[in-house]
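Visitor: Fold the stuff below for me.
(chains A and B)
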Amino acid sequence: GAGVSQSPSNKVTEKGKDVELRCDPISGHTALYWYRQSLGQGLEFLIYFQGNSAPDKSGLPSDRFSAERTGGSVSTLTIQRTQQEDSAVYLCASSRTVNQPQHFGDGTRLSIL
Amino acid sequence: QKEVEQNSGPLSVPEGAIASLNCTYSDRGSQSFFWYRQYSGKSPELIMFIYSNGDKEDGRFTAQLNKASQYVSLLIRDSQPSDSATYLCAASPDRGSTLGRLYFGRGTQLTVWP
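Guide: Numbering: from 1, shown residues only, chains lettered A, B, ... in the order given. Model prediction:
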């Protein structure tokens, strides 16, 4: 079936604006994960969902970041009052259930001017 | 702090050679280990996973796990120029509050020259 789908693929916005990133996991995958990757840096865990619940939100960098998942499927990651340090590639992954291999989407490249 | 360490490289091997990529992890509670390949400008692609001590082979790829030494490796036989990429090692705990997240190394850049 289709892989993990993320939109938009690229987002350029001004500092201080809010942005919303979307992730549609592989059909049937109950676990969904958000990571980000800054230039030259490793992958940084943000949050994961099992169904609609987020057991681990500890990777969210600040209270400007939030995420939700509805219907056990699509998830949105929202960044409020964006800062330049938020510029990164935001990657979404899904797995059949927790601790199964994670498959990544193509990511959203976020640039804050 | 749960850390995954990899040699950043770059690792350069000739076509047809065996490329050996290494990874160590700090959390003894880690139970699942993954290797991802990431081409420049692309997202990580899962190529191998291993849960048990020993070797696991899939085509030209062999993953090796030694939990006593907290060591994971990836061997690529008959390396091809198309294998040139950054290889990411990741570990996952099987219990506790961090269940579910992957801890990634910084990656090893591999170049296979013709």
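
Visitor: give me the low-pLDDT residue ranges for chain B?
Guide: B:1, B:94-99 (pLDDT under 70).

Visitor: which stretches of it form strands?
Guide: Taking DSSP state E as the criterion, chain B carries its strands at B:4-6, B:11-14, B:19-25, B:30-38, B:45-50, B:54-58, B:61-66, B:71-76, B:85-93, B:103-104, B:108-113.

Visitor: Okay, angle between the last one and strand B:85-93 too, please.
Guide: This means strand B:108-113. Between strand B:108-113 and strand B:85-93, the angle comes out at 150 degrees (axes from the mean of the first three to the mean of the last three C-alpha atoms, to 10 degrees).

Visitor: CSV please, covering the strands of chain B and showing mean neighbour count.
Guide: Every C-beta, even on glycine, is put in place using the N, C-alpha and C of the backbone. Shown next, in CSV, are the strands of chain B (neighbours: other C-beta atoms under 10 Å in any protein chain shown):
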stretch, mean neighbour count
strand B:4-6, 20
strand B:11-14, 14
strand B:19-25, 20
strand B:30-38, 21
strand B:45-50, 18
strand B:54-58, 12
strand B:61-66, 18
strand B:71-76, 20
strand B:85-93, 24
strand B:103-104, 22
strand B:108-113, 18
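
Visitor: With distance to chain A as new columns, can the ones you listed be given to me in a markdown table?
Guide: Formatted as a markdown table, those follow (distance: least, C-beta to the nearest C-beta, whole Å):
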| stretch | distance to chain A |
| --- | --- |
| strand B:4-6 | 9 |
| strand B:11-14 | 17 |
| strand B:19-25 | 12 |
| strand B:30-38 | 6 |
| strand B:45-50 | 5 |
| strand B:54-58 | 12 |
| strand B:61-66 | 12 |
| strand B:71-76 | 15 |
| strand B:85-93 | 6 |
| strand B:103-104 | 4 |
| strand B:108-113 | 11 |
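
Visitor: okay, now the nearest residue to A:Ser111 once chain neighbours are set aside: neighbour count?
Guide: Nearest residue to A:Ser111 in three dimensions, chain neighbours excluded: A:Val12, at 4.6 Å (C-beta to C-beta, 6 or more residues apart in numbering or on different chains). The local packing of A:Val12 (other C-beta atoms under 10 Å in any protein chain shown) involves 12 other residues.

Visitor: Just say helix, strand or coil for A:Val12.
Guide: strand (DSSP: H, G, I helix; E, B strand; the rest coil).

Visitor: which is the next helix or strand following the lowest-mean-pLDDT helix or strand in chain A?
Guide: Lowest on mean pLDDT, DSSP states H and E among the helices and strands of chain A sits strand A:53-56, with a mean of 88. Reading on from strand A:53-56 to the C-terminus, the next helix or strand found by DSSP states H and E is strand A:65-69.

Visitor: Within the sheet, what are the partner strands of that following strand, with directions?
Guide: Strand A:65-69 has the following sheet partners, assigned by DSSP bridges: strand A:75-79 (antiparallel).

Visitor: Residue numbers of chain A in contact with chain B?
Guide: A:31, A:33, A:35, A:41-43, A:45, A:48, A:50, A:55-56, A:58-59, A:89, A:91, A:98-99, A:101-107 (C-beta under 8 Å from any C-beta of the partner chain).
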